Structure formats: C-alpha cells, structure tokens
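quick one, fold the following:
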Amino acid sequence: MNSAARSTPLRILLVEDNEDEAIFVREALSDQIALVEVVVAGDGSEALNLLRAHARTDAQPDLVLLDLDLPTVSGHEVLEQVKSDPQLCEIPIIVLTTSKARQDIHRAYRAHANAFIHKPQRFADYEEVTRRMKEFWLGLAALPTQAGDEK
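A predicted model of the protein is given here:
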C-alpha cells in the first residue's frame, strides 16, 4: 500500500470558510492519517494565492479539499482556475460540500474535480469519510507528488 511507504506528511489544503467544519475535518484527518499536514484557507482567494505560491515546490499540496460556498472567490471558480493552470492542474481536488444540487455536481465534474463528496452532519461521519479517503488516496491511488522518475 502507498500509505505504508510514505515517509513525509500528506499535505492537504483544506479550503473551508466555516471554522467549525475546518476543525472537524482537520481532527478527522489527524485521527485517520498518521503523517498529515493540513493547511486551511478560509476563502477562495487565499486558496489560489497559496496554491500559486507553492506551485511545483515541496510545499505544494498532495490533495485539495474544496468547499463550494466560499467568500471572495467561489469554490467553482477555484476549481476552474486550478484545473486550467498548467502548474496546478495535476493536483487532485476533492469537492467537500453541503450542496447536493445536481448542477453543482455536474459543474464540478465538468471542471475536472477528482471527486464530489457531501459533507457529513456528525463528527463520527467525518471519521468515516476521511477513513475512506485515506484508503483510496493513500492505499490505491498514485498521487502526482509521489510520482518518481521511473519509466
């Protein structure tokens, strides 16, 4: 499994304007992933600035967890800008939102979101969501930041 071989922290950018939600996600991730570094951006503009500042560096996140309902720049706009930027487009983006609107789901996938997950209502459910994200993103998937020079 990929997670067993990981010697550096998984870097996650959490784009979330609700402080309580950010705490739930951060705690759930810390409970599920031994080596994790979570940076929180409170709005879309801050997220874009962080991503551009760390493009193709050791500080670039391995994953982005993105809420859609954000101040300054919406989550949809963040997603569209990141996926259209050649230096950022490979970063996996998981939309983590309360929206169940069909148009939000379709728009996110058209903009190349890697997954669309509905936010849970209870902390225990966050634990389950993060456990499953860990199983997939660290157990099965190969992240671009883990790609070696092997042919």
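
which stretches of the protein form helices?
2-5, 19-32, 44-53, 75-83, 102-110, 123-134 (DSSP state H).

run the chain-centre distance for stretch 51-59.
Relative to its parent chain, stretch 51-59 has a centroid offset of 15 Å by C-alpha atoms, centre = their mean, to the nearest Å.

my bad, stretch 20-27
13 Å.

over to stretch 64-78?
So, by C-alpha atoms, centre = their mean, the centroid of stretch 64-78 is 11 Å from its chain's centroid.

may I see the buried residues of it?
Within stretch 64-78, the residues scored as buried using 16 or more other C-beta atoms under 10 Å are 64-68, 70, 73, 75-78. Any C-beta I mention is one placed from the backbone N, CA and C, and that applies to glycine too.

count of neighbours near residue 125?
Neighbour count for residue 125, taken as other C-beta atoms under 10 Å: 14.

that one and residue 58, how far apart?
33 Å (C-beta to C-beta, to the nearest Å).

phi, psi for the closest residue to residue 42 other than its chain neighbours please.
Closest residue to residue 42 apart from its sequence neighbours, by C-beta to C-beta, 6 or more residues apart in numbering: residue 17 at 5.2 Å. Phi and psi for residue 17, reported as degrees, to the nearest 10, are phi -90, psi -10.

I'd guessed residue 17 sits against residue 70; true?
Yes. When contacts are counted by C-beta atoms under 8 Å, residue 17 is listed as touching residue 70 (5.4 Å).

before we move on, back to that, let me see the confidence value for the residue nearest to residue 42.
You'll see residue 17 listed with a pLDDT of 97.

ok, it - contacts?
Neighbouring residues of residue 17 by C-beta atoms under 8 Å, 6 or more residues apart in numbering: 42-43, 67, 69-71.

farthest-separated two in those?
Pairwise distances across the contacts of residue 17 (C-beta to C-beta) peak at 12.5 Å, for the pair 42 and 69.
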